[in-house]
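>>> The sequence and its predicted three-dimensional model are supplied below.
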Amino acid sequence: MGYEDAIEQVKQGHKAAREKWLEPGGGTAGGKTKALMYIMGATAPYRGIGQIDIQPFVAQYIVSGLVWPYQPTPKDRAAKDWKILN
């Protein structure tokens, strides 16, 4: 599956990953990416103002437990090894 299809599936609530990421030693610069996921409905406290709403975004879930916004590389966009995870 290609990048665009994978991102559409992520926005529908599925988790996606590249085959390359799932190989031993595979991953991204930030660590071993387990999957991409869609974050929506998030809020955060902000400097005494109260809660702010965070707009929906595609995030990387890293094996260590970190989650951060996903910035695709040109190789990720061109890759055809995307798959949906169960």
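Ah, there it is. Numbering: from 1, shown residues only.
>>> Residue 1 contacts residue 79, correct?
No: using Cβ atoms under 8 Å, residue 1 is not in contact with residue 79, being 9.3 Å away. Every residue, glycine included, has its C-beta placed from N, CA and C.
>>> Could you check which of those two is surrounded by more residues?
Ranked by neighbour count (other Cβ atoms under 10 Å), residue 1 and residue 79 place residue 79 first, with 18 against 15.
>>> Would you check how far apart that one and residue 44 are?
Distance, residue 79 to residue 44, by Cβ to Cβ, to the nearest Å: 32 Å.
>>> tell me the contacts of the residue nearest to residue 67 when sequence neighbours are not counted?
The shortest distance from residue 67 to any non-neighbouring residue, by Cβ to Cβ, 6 or more residues apart in numbering, is to residue 59 (4.9 Å). Shown in contact with residue 59 (Cβ atoms under 8 Å, 6 or more residues apart in numbering): 36, 37, 38, 39, 67, 68, 69, 70.
>>> ok, now residue 43?
51, 52, 53, 54.
>>> For the host helix or strand of residue 44, list the C-alpha coordinates in CSV.
Per DSSP states H and E, residue 44 falls inside strand 42-46. Extracted in CSV, the C-alpha atoms of strand 42-46 (Å, rounded to 0.1, in the frame of the first residue of the first chain):
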residue,chain,number,x,y,z
ALA,A,42,-6.8,16.1,22.8
THR,A,43,-6.5,19.1,25.1
ALA,A,44,-3.8,20.5,27.2
PRO,A,45,-3.5,23.1,30.0
TYR,A,46,-2.0,26.4,28.9
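>>> next SSE after that strand?
Next in sequence after strand 42-46, counting helices and strands by DSSP H and E, comes strand 50-54.
>>> now that next one, how far from the centre of its chain.
Relative to its chain's centre, strand 50-54 lies at 21 Å (Cα atoms, centre = their mean, to the nearest Å).
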